[in-house]
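S.K.: Take this sequence and fold it.
(chains A, B, C and D, ligands or ions: 2)
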Amino acid sequence: MYSEKVMEHFNNPRNVGDMEDPSGAGEIGNVRCGDVTKVFIKVNGEGIIEDVRFRTFGCGAAIASSSMLTEMVKGKTVEEALKVSNLDVADELGGLPKQKMHCSNLAADALRAAIEDYMKKQEK
Amino acid sequence: MYSEKVMEHFNNPRNVGDMEDPSGAGEIGNVRCGDVTKVFIKVNGEGIIEDVRFRTFGCGAAIASSSMLTEMVKGKTVEEALKVSNLDVADELGGLPKQKMHCSNLAADALRAAIEDYMKKQEK
Amino acid sequence: MERIYLDHGATTPLDPRVLEAMIPFLKEDFGNPSSLHFFGREVKKQLEEAREKVAGILGAEPEEIIFTSGGTEADNLALGGVVRALREKGKHIITTAVEHHAVLDTCTALKKEGFDITILPVDCYGMVEPQHVKEAIREDTLLVSVIYGNNEVGTVQPLEEIGQITREKGVLLHTDAVQTVGNLPLEVEKLQVDLLALSAHKFYGPKGAGILYCRQGIEIDRMLYGGGQERGRRAGTENVPGIIGMARAMEIAVEEKEENTRRMEKLRDKLIEGLLSMEDVYLNGHPTRRLAGNVNASFEYIEGEALLLSLDYKGIAASSGSACSSGSMEPSHVLLAMGIPEQTAHGSVRFTLGRHTTEEEIDYVLEVVPEAVQKLRDMSSIYQGKGEGK
Amino acid sequence: MERIYLDHGATTPLDPRVLEAMIPFLKEDFGNPSSLHFFGREVKKQLEEAREKVAGILGAEPEEIIFTSGGTEADNLALGGVVRALREKGKHIITTAVEHHAVLDTCTALKKEGFDITILPVDCYGMVEPQHVKEAIREDTLLVSVIYGNNEVGTVQPLEEIGQITREKGVLLHTDAVQTVGNLPLEVEKLQVDLLALSAHKFYGPKGAGILYCRQGIEIDRMLYGGGQERGRRAGTENVPGIIGMARAMEIAVEEKEENTRRMEKLRDKLIEGLLSMEDVYLNGHPTRRLAGNVNASFEYIEGEALLLSLDYKGIAASSGSACSSGSMEPSHVLLAMGIPEQTAHGSVRFTLGRHTTEEEIDYVLEVVPEAVQKLRDMSSIYQGKGEGK
Ligand SMILES: Cc1ncc(COP(=O)(O)O)c(C=O)c1O
Ligand SMILES: Cc1ncc(COP(=O)(O)O)c(C=O)c1O
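M.R.: Ligands and ions are numbered 1, 2, ... in the order given. The predicted model follows:
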């Protein structure tokens, strides 16, 4: 059902954990649906995502997508990171089963929320 | 499906054939139903069935029942022969499948018709 | 006693190569394809490969293949599933007088649910006239169902012509192709059909597995409710060994089609010729447009089951009418639809040849049948000796 | 990697003794049981012997046994067949919130046909209160359907008490007994049921065969139309090897019931105890009235499928919720019906032990699970470290 890449990310997830003083934090999902993803980013002066962390309550696809996403956006500018879509994540994972596509949405959505949080803080 | 006795009578039917100058003859069934049985009897002065013959167009059960019946009534008086029922024939054959019970009716019915024919002739 | 099996229309022996393909799934590969773990995933993969194999042979997409428990379920699902899903759009079904009971009796049941059924007549060979299909199609016609190769008399219907008509009229076409694998073309595009039913045990596959091809985009109501198997179109844990075996059997049947068909047709024609050389024996079905293994003959003055038993006694297995209804004394509805008188219909016997049928077997049959027929005729109340006629 | 199979609720490996019984029917005994000739008669005899064997185990008559393609078909036929046949007499069906989808989804379909469905609640152990059945029965109630041993949480229902109520009220009682063979009593008189569904592959028999027991005198509409098989109640050429294997599997399961049940219960209780010694882990289902092989636990803060994959990686095959619906992210309807919060329901995993499960395997599981759970919790967005709670 899952590709090898999905299983590899699931079994060895990258960038797991919390972050002290993140530049931005985002959370998407709710426990009743069995899916909650948190993403924290650290953005440097040039707008580049220097570090990113996630924590996920969810199924294999949700965890693997979160892990994959963090790898994809690390080192990118926030503008570039915003362009990474759910489909890009799924593609990079070698595809996801149809009924699991919604799980990969959470990661990108949580990242977007984290970036918005960062931007809001910038405005202040 | 059929008992050994049925198959034995089917493969080696007794008393097959026509009869010259029968004391009585009976025919039951019709070709459209796939079943026609003829029975001929020779009755002696004491009212005993001395000889009996049948010819049957029909399935295995119909042929075996006809054969069995002729054996059962040979040597009986016509009164005794009239008491032989379809069920008696089926029993003597070691039973018949439910959906084949109607086939065994033909033989006894044809015999009854032959006896009626004989009696009618006697009245004249 | 040596036994000769000439009832391949009823069922066929499992090909040893098919059994070999099934064995792993009767042993270590036992997982449930719905399971996410290793045991399930491995089996799921093989199941989907079997689906691709079947789809490939039909010239279809894997998503268009629904695995069922057999031909009966496939026919029932095709008819009931489609017309119930389309019930808002119409209520008329067209079929023929020579269908298998799996189609005819489903139509009878659908009639009780409020659907209208038109049953098309056939000619004396059991052929449907495409023009009749055209004329029968109404505004509210949902589906036409025509058997491909007839199980009793072997007649092959002009499916392509019928398919052209149904396509023009925008009506769906289902075919019961249960008897045709390894003998006739099966590509759905060539046949112009939208649904097609198969049964594994009729082509040297296992009993308990069947196929419904259902063209993409066709709405079909499920008949079995439960798990989400077969993309929600047929619930129940898949008969994995059966399906694997069925795909393998289909593959073999198609690979060896040309050779087997040629061989069987030759033997079939020899048997027909031999039987017709007897007095008062008629061939039922079309003389040339017929299944490679099918010989159906009527023997006047005798009843088919009686001949069957006589042949069985001599080691020859044949059938009278369709296997499923041979317990009853009803004359075959197929023969009657062809206009054959009841008496003659009662005297019909079907020999269906198979891959392994030999010329020696046919020779033996041709030796035994005339004796057996004569013995029964001599016993028959409606036979008056050779040449005397009815 | 050594693999440990703890998903016997999804399917079981075929017992080698069962395969041995099937082999002749996959080779020389290939005839169609409907055929009158030698090949058919031999097979028919064996088929009827299998029926007698099954009937004997259920304390039933052979005529009361309908062979089907599996548990799903048996459940569908029981519900649909009975209420459609009785539609003149009423329109009300009672079932429970913890049925398999084969029952629940059939009820949903029957609702669309105009039947009324009452779904009874269960307590926190998944038990139905017999009193609720009594109160739900109306003048127009036709059928009550209650699962015997639950496939997800293993809870065993008080069938006998329910049966007493339905008998008093003159209403039919169907039970889905698919999970119980080789574990619980099956005598229909003891259980006081009128219909009972089984599936061979759940008791070390082959996939593709099932049983519906249907008490004599009960009217039942067929669901599959075609030949006259199964006394007109289920058309289609019989899956002979499957049925033969199923009867043998049932025989073995019943013979070895005491011993297997005792062994499995011991291992089950060890596994439960070990899992419950972890923090924030709960047992789902009844602590004692449960199937011998069933362990269903909720692991807080993590999602069941993720745990499943982690265990699979370590060679342990388990399932989350029912096998059939484990592809979707819906929390189990059974757990929700028991009042378990959604978050907790999402974190449930089912281990189902089998005949061959060993103590070493359970020890290994108890070694692996805590590690896997901790790893996932450490990753979880809703877990704040040991003892910190939600
Ligand atoms: C033409 C045709 N359709 C359908 C069927 C039913 O197939 P099965 O008995 O395998 O369900 C048969 C077999 O008797 C058949 O010959
Ligand atoms: C309780 C219960 N009922 C019915 C079924 C359906 O059985 P099958 O998948 O063999 O048709 C299952 C199997 O998942 C089950 O566990």
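S.K.: where do the strands sit along the stretch 1-150 of chain C?
M.R.: Using DSSP state E, counting those that start in this stretch, the strands found in the stretch 1-150 of chain C span residues C:4-5, C:65-68, C:92-96, C:116-120, C:141-147.
S.K.: Determine which of those strands approaches D:Val146 most closely.
M.R.: Of all the strands of the stretch 1-150 of chain C, strand C:65-68 sits nearest to D:Val146, with 28.9 Å by Cβ to Cβ. C-betas here are computed from N, CA, C, even on glycine.
S.K.: May I ask you to confirm that C:Asp116 is in contact with C:Ile94?
M.R.: No - using Cβ atoms under 8 Å, C:Asp116 is not in contact with C:Ile94; the gap is 9.4 Å.
S.K.: of those two, who's got more company?
M.R.: C:Ile94 (26 against 16; other Cβ atoms under 10 Å in any protein chain shown).
S.K.: what about the more buried one, distance to A:Ala64?
M.R.: C:Ile94 sits 52 Å away from A:Ala64 when distances are taken as Cβ to Cβ, to the nearest Å.
S.K.: A:Lys100 too?
M.R.: For A:Lys100, the distance to A:Ala64 equals 10 Å [Cβ to Cβ].
S.K.: okay, stretch C:104-117 in CSV with CA atoms only?
M.R.: Only the C-alpha atoms of stretch C:104-117 are listed here, as CSV (Å, rounded to 0.1, in the frame of the first residue of the first chain):
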residue,chain,number,x,y,z
LEU,C,104,-33.6,-15.5,-17.2
ASP,C,105,-34.5,-16.0,-13.6
THR,C,106,-32.8,-12.8,-12.6
CYS,C,107,-35.1,-11.1,-15.1
THR,C,108,-38.1,-12.8,-13.7
ALA,C,109,-37.1,-11.5,-10.2
LEU,C,110,-36.6,-8.0,-11.6
LYS,C,111,-40.0,-8.0,-13.2
LYS,C,112,-41.4,-8.4,-9.7
GLU,C,113,-39.5,-5.3,-8.7
GLY,C,114,-41.3,-3.4,-11.4
PHE,C,115,-39.0,-3.7,-14.4
ASP,C,116,-40.3,-4.5,-17.9
ILE,C,117,-38.7,-7.5,-19.6
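S.K.: wait, is C:Ala297 part of a strand?
M.R.: Yes - applying DSSP: H, G, I helix; E, B strand; the rest coil, one finds C:Ala297 inside a strand.
S.K.: pretty sure it is in contact with C:Ser277, am I right?
M.R.: No - checked against Cβ under 8 Å, the pair C:Ala297 and C:Ser277 is beyond contact range at 11.4 Å.
S.K.: Who has more neighbours out of those two?
M.R.: Neighbour count, other Cβ under 10 Å: between C:Ala297 and C:Ser277, C:Ala297 has more, with 24 against 10.
S.K.: Just list the residues touching that one, thanks.
M.R.: Counting by Cβ atoms under 8 Å, 6 or more residues apart in numbering or on different chains, C:Ala297 makes contact with C:272, C:275-276, C:281-284, C:348-349, C:351.
S.K.: Out of those residues, which sit inside helices?
M.R.: Residues of the contacts of C:Ala297 located in helices (DSSP state H): C:272, C:275-276.
S.K.: Out of these, which end up buried?
M.R.: Neighbour counting by 16 or more other Cβ atoms under 10 Å in any protein chain shown classes C:272, C:275 among the ones in helices among the contacts of C:Ala297 as buried.
S.K.: Near whichever residue of the stretch 201-350 of chain C sits closest to chain B, how many other residues are there?
M.R.: Distances between the stretch 201-350 of chain C and chain B by Cβ to the nearest Cβ are smallest at C:His346, namely 3.6 Å. Using other Cβ under 10 Å, C:His346 has 32 neighbouring residues.
S.K.: Is it correct that it is in contact with C:Glu303?
M.R.: Yes - C:His346 is in contact with C:Glu303 according to Cβ under 8 Å; the separation is 5.2 Å.
S.K.: For the two, list the residues in contact with both.
M.R.: Counting by Cβ under 8 Å, 6+ apart, the shared contacts of C:His346 and C:Glu303 are B:Gly34.
S.K.: between A:Lys100 and A:Ala64, which one's more packed in?
M.R.: Taking other Cβ under 10 Å, A:Lys100 and A:Ala64 do not tie; A:Ala64 has more neighbours (33 against 23).
S.K.: who's in contact with the residue of the stretch 201-350 of chain C closest to chain B?
M.R.: Each residue near C:His346 by Cβ under 8 Å, 6+ apart is listed here: B:31, B:34, C:303-304, C:331.
S.K.: what about C:Gly245, helix or strand, and which?
M.R.: For C:Gly245, the element it lies in under DSSP states H and E is helix C:240-255.
S.K.: Summarise which helices and strands that helix is packed against.
M.R.: Packing partners of helix C:240-255 (3 or more Cβ pairs under 8 Å, 6 or more residues apart in numbering or on different chains; DSSP states H and E): helix C:16-26, helix C:38-58.
S.K.: Quick check: phi and psi at the residue nearest the centre of chain A.
M.R.: Centre of chain A computed as the mean C-alpha position; nearest residue by Cα atoms, centre = their mean is A:Ala107, 3.7 Å away. For A:Ala107, the backbone dihedrals (degrees, to the nearest 10) come out as phi -60, psi -50.
S.K.: Give the full set of residues in contact with it.
M.R.: Listed by Cβ under 8 Å, 6+ apart, the contact set of A:Ala107 reads A:37, A:39, A:54, A:56, A:62, A:65-66, A:68-69, A:86, A:89.
S.K.: so where's chain C uncertain?
M.R.: Applying pLDDT under 70 to chain C flags residues C:321-329, C:386-390.
S.K.: care to break it down by domain?
M.R.: Per automatic domain parsing, the domain ranges recorded for chain C read C:4-11+C:257-381, C:16-255.
S.K.: nearest to ligand 2, of those domains?
M.R.: Nearest of the domains of chain C to ligand 2, taken as Cβ to the nearest ligand atom: domain C:16-255 at 3.3 Å.
S.K.: now that closest one: how far from the chain's centre is it?
M.R.: 11 Å (Cα atoms, centre = their mean, to the nearest Å).
S.K.: Start and end of that domain, how far apart?
M.R.: End-to-end distance of domain C:16-255: 16 Å, with Cα to Cα, to the nearest Å as the criterion.
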